[in-house]
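Q: Turn this into a model:
(one chain, ligands or ions: 1)
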Amino acid sequence: MAAAAKLALSHSITKSPSLCSFSKFTADSRGFSVRANACLDAVKQPMSTDLVSLEYADLNLPPAEVGHVRIRQHVNPLSSSFSAPAPVPDWKEVFRDPTLPLMVDIGCGSGRFLVWLAKRNPDSGNYLGLEIRKKLVKRAESWVKDLALTNAHFIFANAAVSFRHLVVSYPGPLTLVSILCPDPHFKKRHHKRRVVQQPLVASILDSLVPGGKVFLQSDVLDVALDMRNQFDAESIMMQHIDEVDSSLPCDSDGWLLSNPMGIRTEREIHAESEGGTIYRRLYQKRTTSLLQLRN
Ligand SMILES: C[S@@+](CC[C@H](N)C(=O)[O-])C[C@H]1O[C@@H](n2cnc3c(N)ncnc32)[C@H](O)[C@@H]1O
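A: Okay, here's the model as predicted:
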């Protein structure tokens, strides 16, 4: 089994002296694909929504709750209706232990990905999803309740507006931020609607603990490059994971060879089922910034 495919699911900081890393976890994203493929033998050409259900079968979500939620394809995060900061929750109310390491998934969509991680890692971390589409948040919260998860929470929020004040108020360390297949907003004049913009990058860098990680991916090369360029530009504070962890190699263009999370997101499943490529980067915040080293 490829070491890269086994990375760390739980984002809790390990006691590793050299590097704060995700703790190792045995789930294997290829394992999921293999399982899905086995099922595909029996069911010819399933819809990719069926593939999502297969991949997330462990969650055993109540059928009524898995039903279709009618939502608009894209929203404009620059619209005034999304400019209000999301209220800060009472963290003691939403997480059993609000001092645990926190993972934040920006633009979490349905939330299945985070719910799965939270269920797998009940004691080692808290999982917060930020999503701009209210109906998805409502449904994800109903799953949290149905599964009696005490380490997952979803907030209706425009991450561009609310990420910083939400994470600053969290009592524990922020150890992982993911931005997975963000809305592409293809037209050049709409690029400013993309979620990864300099102020958000700065907020993430400021809020992460040393050793904390940022996981990015997209099935749209232009979007992946846009995110990558912004984080590559922060090399004083961030380094790409292959510089510090040889078990997570990249291809010759610098994209991670495999998904390090042990589970694919819904968009990822859809894209791969259509033959698309997922472009991934995983950054780690330096424990000592290059500036400090120079002084
Ligand atoms: C293409 S979907 C991907 C969902 C999920 N990450 C996945 O990979 O399956 C992008 C998600 O980001 C959400 N989103 C877009 N802009 C956002 C913003 N500014 N703040 C929070 N969520 C946002 C969208 O509503 C949508 O659910």
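Q: Need the pLDDT of the residue most central in space within the chain.
A: For the chain, the residue nearest the mean C-alpha position is residue 178 (3.1 Å; CA atoms, centre = their mean). You'll see residue 178 listed with a pLDDT of 99.
Q: What of residue 5?
A: For residue 5, the pLDDT comes out at 35.
Q: repeat for residue 262
A: Among the per-residue scores, residue 262 holds a pLDDT of 94.
Q: Could you verify my assumption that residue 234 touches residue 205?
A: Yes: Residue 234 is within contact range of residue 205, at 5.9 Å (criterion: CB atoms under 8 Å). C-beta here means a position set from N, CA and C on the backbone, and glycine is covered the same way.
Q: And stretch 254-274, how far out from the chain middle?
A: 11 Å (CA atoms, centre = their mean, to the nearest Å).
Q: do that stretch and the ligand meet?
A: Yes: counting by CB under 6 Å from any ligand atom, the ligand has neighbours in stretch 254-274: 265-268.
Q: got it, and stretch 102-113?
A: Yes: against the ligand, stretch 102-113 shows contacts by CB under 6 Å from any ligand atom at 107-109.
Q: where's residue 271, which helix or strand?
A: helix 266-273 (DSSP states H and E).
Q: An error on my part: the question was meant for residue 110.
A: Following DSSP H and E, one finds residue 110 outside all helices and strands.
Q: List the contacts of it.
A: 69, 136, 139-140, 266 (CB atoms under 8 Å, 6 or more residues apart in numbering).
Q: Can you list the low-confidence ranges for the stretch 51-200 of the chain?
A: Residues of the stretch 51-200 of the chain meeting the criterion pLDDT under 70: 62-72.
Q: where exactly do the strands run in the stretch 101-250 of the chain?
A: Ranges of strands in the stretch 101-250 of the chain, per DSSP state E, counting those that start in this stretch, are 102-106, 126-131, 152-156, 174-180, 208-218, 238-240.
Q: Out of the ones you listed, flag the one nearest residue 199.
A: Closest to residue 199 of those is strand 102-106 (CB to CB; 13.0 Å).
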